[in-house]
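**Q** Predicted model and sequence below, questions to follow.
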Amino acid sequence: MNKWNAVVLAGDRGPNDPLLQAAGVTCKAAVRFSGQTQLSRVIAALVEAEHIGHITIVGPDSEVSQPHACIQELAEQYQFDYLAKAEGPSLSALKGLQHRQGYPCLIATCDVPFITSQAIDEYCVAADDSDADFVVAAVPHESIIKKLPTIRKTTYTFEQRLLCFSSLFAVRSHAGKEALHFWREMEEKRKNPLQIIAKLGMINLIKYKFGKMTLAQASAYLSTLSAAHVEIIVRDAPEISVDVDSVADYELLQRYL
């Protein structure tokens, strides 16, 4: 079995984030569900996954530029490398990749508390079947709603089907790093599907608005823009797409975890 490196992005939007204030913590990774930080849930799932080898956590920092207490807490139980976060998720992901330079590498965020080792392994298997440099997973919106009927998610429409992008990304080769530069450009637009699709040109925007764009077409266009072979795959796994991005998410998931 080909072991994957894993990079976990554990930065956040700063102490003024309403989510942190509601949860009574100083960083997103430290948000707790049933007494367990969501970062510890992600790390536990990665450790248990058969396909994952080495783990690197990028961020968060404490106020004195030392690993946050939630990182120190994890270090007593698990083996991983720790790096201070960079400016934004994409640069933090690049920093984690450059730390080990081993492929394939799974990039995960710290805020997917439903994540399981099974979902991670199944995603790695699916990504291994691709010949792309960078693999993005999309989850059917209907699957997420079955699990959490009242959750609000940003959706994208491809071939008349509502999809939500997941919090797992596969960098399968050195060339896949190029996709992260495009990701950096799109970070501020991530909650506005039309702004992102508009980067693909007017014809593609029209196709998208009328539900005519296919995943294969979107993958091809993203490959052109990012200078790497990108593929979007569909996974029926809400565990990899349900993240904690707002106070409403936090309050809702408190009832399920």
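**A** Arrived safely, thanks for sending. Residues are numbered from 1 along each chain as shown.

**Q** CA only for contacts and neighbour counts going forward, please
**A** OK.

**Q** Please name the bridge partners of the residue lying closest to Gln254 once chain neighbours are set aside.
**A** Take Gln254 and drop its neighbours on the chain: the residue closest to it by C-alpha to C-alpha, 6 or more residues apart in numbering is Phe33, 6.3 Å away. Beta-bridge partners recorded for Phe33 (DSSP bridges): Gln36.

**Q** Check which residues of the helix or strand where Leu94 lies are buried.
**A** Secondary structure from DSSP states H and E places Leu94 in helix 89-100. For helix 89-100, the neighbour count (16 or more other C-alpha atoms under 10 Å) marks Pro89, Ser90, Leu91, Ser92, Ala93, Leu94, Lys95, Gly96, Leu97, Arg100 as buried.

**Q** Surely the second one is in contact with Trp183?
**A** Yes: contact status for Ser90 versus Trp183: in contact at 6.2 Å, counting by C-alpha atoms under 8 Å.

**Q** And for the residue nearest to Gln254, the neighbour number?
**A** Applying other C-alpha atoms under 10 Å, we find 17 residues neighbouring Phe33.

**Q** From Pro104, how far out is it?
**A** Separation of Phe33 from Pro104 (C-alpha to C-alpha, to the nearest Å): 31 Å.

**Q** what sits against Ala10?
**A** Lys28, Ala29, Leu39, Ile57, Val58, Gly59, Pro60, Lys85, Thr109, Cys110, Asp111 (C-alpha atoms under 8 Å, 6 or more residues apart in numbering).

**Q** Can you tell me which of the residues you listed is closest to Ala170?
**A** Set against Ala170, the nearest of these by C-alpha to C-alpha is Thr109 (12.3 Å).

**Q** so what's that closest one closest to, chain neighbours aside?
**A** Thr109 sits nearest to Leu9 (C-alpha to C-alpha, 6+ apart), 4.7 Å away.

**Q** give me the number of residues near that neighbour?
**A** Neighbours of Leu9 using other C-alpha under 10 Å come to 27.

**Q** For it, list each beta-bridge partner.
**A** Val58, Thr109.

**Q** which residues sit in contact with it?
**A** Ile57, Val58, Gly59, Lys85, Pro89, Ser92, Ala93, Ile107, Ala108, Thr109, Cys110.

**Q** What subset of those is buried?
**A** Counted by 16+ other C-alpha under 10 Å, these give Ile57, Val58, Gly59, Lys85, Pro89, Ser92, Ala93, Ile107, Ala108, Thr109, Cys110 as buried.

**Q** and which of those is nearest to Ala22?
**A** Cys110 (17.7 Å).

**Q** pretty sure that closest one is touching Thr37, no?
**A** No: applying C-alpha under 8 Å as the test, Cys110 and Thr37 come out as separate, 9.4 Å apart.

**Q** Would you state the helices of the stretch 101-250 of the chain in chain order?
**A** 117-128, 141-147, 177-186, 193-198, 202-209, 215-226, 247-254 (DSSP state H, counting those that start in this stretch).

**Q** For Val135, find the nearest of those helices.
**A** The nearest among the helices of the stretch 101-250 of the chain, by C-alpha to C-alpha, is helix 117-128 at 6.3 Å.

**Q** Buried residues in that closest one, which are they?
**A** Applying 16+ other C-alpha under 10 Å to helix 117-128 flags Ser117, Gln118, Ala119, Ile120, Asp121, Tyr123, Cys124, Ala127 as buried.
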